[in-house]
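> what's the 3D shape of this:
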Amino acid sequence: MLDPISRVRRFNRAVTSEVGALDTSFLGRGRPLGAARVLNAIGHGRSDVAELRDYLALDSGLMSRLLRSLEEEGLVTTKPHPEDARRRIAKLTAAGRREFEAYETLSNAQAESMLARHSQPEALLAAMDMVAAALGRSRISIDLLDPRSEPARYCLGEYYAELSRRFARGYDVALSRDPDATDMIAPRGAFFVALSDGLPLGCVGLKGAGGPLAEIKRLWVAPAARGLGLARRLMDAAETAARQLSITTLRLDTNSALGEAMQLYRRTGWTEIERFNDDPYPDLFFEKRL
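Predicted coordinates:
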């Protein structure tokens with residue numbers, strides 16, 4: 001059996017080499033990876049320097065040096081925050097925007113080349129997704145979104161596809177009691193999406209009707225992110241939103257094919273009850289008093 005530590009270290013060396021982490025001129029643009037990452041983060045809308053530092057996991061000294069080097073190149077400007085002079089805001093100059101676009105083009109080409117060299121690109125992507133979710137676990141956010149937004153619709157599409165694979169009779173959303181989007185938007189309900197660096201990893205809906213009773217709907221976590229506690233975090237967010245909307249009782253339905261979901265509900269205070277709807281797919285029904 002191969003030593004697990006040796007395998008991890010081999011992986012680290014392979015990634016370091018592939019992405020050019022040690023190059024003094026990352027992607028041939030004349031600056032190392034650290035400065036390029038700062039430029040990239042600013043280009044993607046992260047302007048508050050303190051938040052930028054936290055996102056990149058850099059200490060304040062290194063963050064200051066990298067920003068100073070980009071300012072000296074004329075790529076970035078920094079100024080005090082308009083509402084708090086103790087904070088600083090970083091912004092790309094016109095030259096910085098051009099450099100950001102150049103990096104985007106080169107990075108995309110590098111990613112395409114990496115996938116093209118592998119005989120099973122989908123398997124490679126699935127492995128990357130798992131590694132990214134595991135290593136970025138502490139940075140996965142639970143965001144309140146419109147259920148009609150693109151990340152929400154992606155999660156719902158993946159949720160329906162998984163049910164089709166796992167249910168013995170398949171799954172047709174047209175036959176299910178699919179909640180109306182407006183029932184999962186305040187003041188009736190809410191919809192949460194787990195995001196990892198902007199990419200969706202899971203979702204849950206709180207379907208309300210304006211009264212003290214509401215339902216939990218569409219709990220889903222991407223296979224690559226399972227085992228990280230995301231389902232629990234999503235459910236906690238939905239329950240907190242329910243309390244804020246003065247909802248006192250929650251219900252949900254599920255199918256016995258989804259064993260991991262049943263375990264979660266039973267571990268977190270849900271009680272099995274009688275059927276409360278005519279949806280053809282669920283065979284188990286739960287309730288929780290808040």
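> centroid residue for the chain?
residue 195 (1.7 Å; C-alpha atoms, centre = their mean).
> neighbouring strands for the strand or helix carrying it, and are they parallel or not?
Counting by DSSP states H and E, the element that carries residue 195 is strand 190-196. Paired with strand 190-196 in the same sheet, following DSSP bridges, are strand 141-144 (antiparallel), strand 199-208 (antiparallel).
> all the helices of the stretch 101-250 of the chain, residue numbers only.
Using DSSP state H, counting those that start in this stretch, the helices found in the stretch 101-250 of the chain span residues 121-135, 150-166, 230-244.
> what does the second one rub up against?
In this structure, residues lying in contact with helix 150-166 by C-beta atoms under 8 Å, 6 or more residues apart in numbering are 145-147, 170-171, 173, 191, 193, 195, 199-200, 202-203, 218, 220, 222, 255, 257-258, 281. For glycine as for every other residue, the C-beta is placed from the backbone atoms N, C-alpha and C.
> and with 10 Å instead?
143, 145-149, 170-173, 176, 178, 181, 184, 191-195, 198-205, 217-223, 255, 257-258, 281 (C-beta atoms under 10 Å, 6 or more residues apart in numbering).
> ditto for stretch 83-90
38-39, 41-42, 46-52, 63-64, 67, 70-71, 76-82, 96.
> for residue 192, report the pLDDT, please.
At residue 192, the pLDDT value in this model is 98.
> which of the helices of the stretch 101-250 of the chain is buried the deepest?
Sort the helices of the stretch 101-250 of the chain by mean neighbour count, taking mean count of other C-beta atoms under 10 Å, and helix 230-244 sits at the top with a mean of 19.
> other SSEs contacting that one?
Identification of packing neighbours for helix 230-244 by 3 or more C-beta pairs under 10 Å, 6 or more residues apart in numbering; DSSP states H and E yields strand 141-144, strand 190-196, strand 199-208, strand 213-221, strand 249-254, helix 259-267, strand 284-289.
> circling back to that earlier point, buried subset of the contacts of stretch 83-90, written for PyMOL?
Remark: buried members of the contacts of stretch 83-90, expressed as a PyMOL selection using 16 or more other C-beta atoms under 10 Å:
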select buried, resi 38+39+41+42+46+47+49+52+63+67+70+76+78+96
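> from the contacts of stretch 83-90, which land in helices?
38-39, 41-42, 49-52, 63-64, 67, 70-71, 96 (DSSP state H).
> so how far is the lowest-mean-pLDDT helix or strand in the chain from its chain's centroid?
When the helices and strands of the chain are compared on mean pLDDT, DSSP states H and E, strand 84-92 comes out lowest with a mean of 91. Distance of strand 84-92 from its chain centroid, counting by C-alpha atoms, centre = their mean, to the nearest Å, is 26 Å.
> next one: stretch 26-45
Its chain's C-alpha centre and that of stretch 26-45 lie 22 Å apart, by C-alpha atoms, centre = their mean.
> kindly report the same for stretch 60-71.
Offset of stretch 60-71 from its chain centre (C-alpha atoms, centre = their mean): 28 Å.
> what's in contact with it?
Applying C-beta under 10 Å, 6+ apart, the contact partners of stretch 60-71 are 31-32, 34-39, 42, 49-50, 52-54, 56, 58, 75-78, 88, 90, 92-93, 96, 99.
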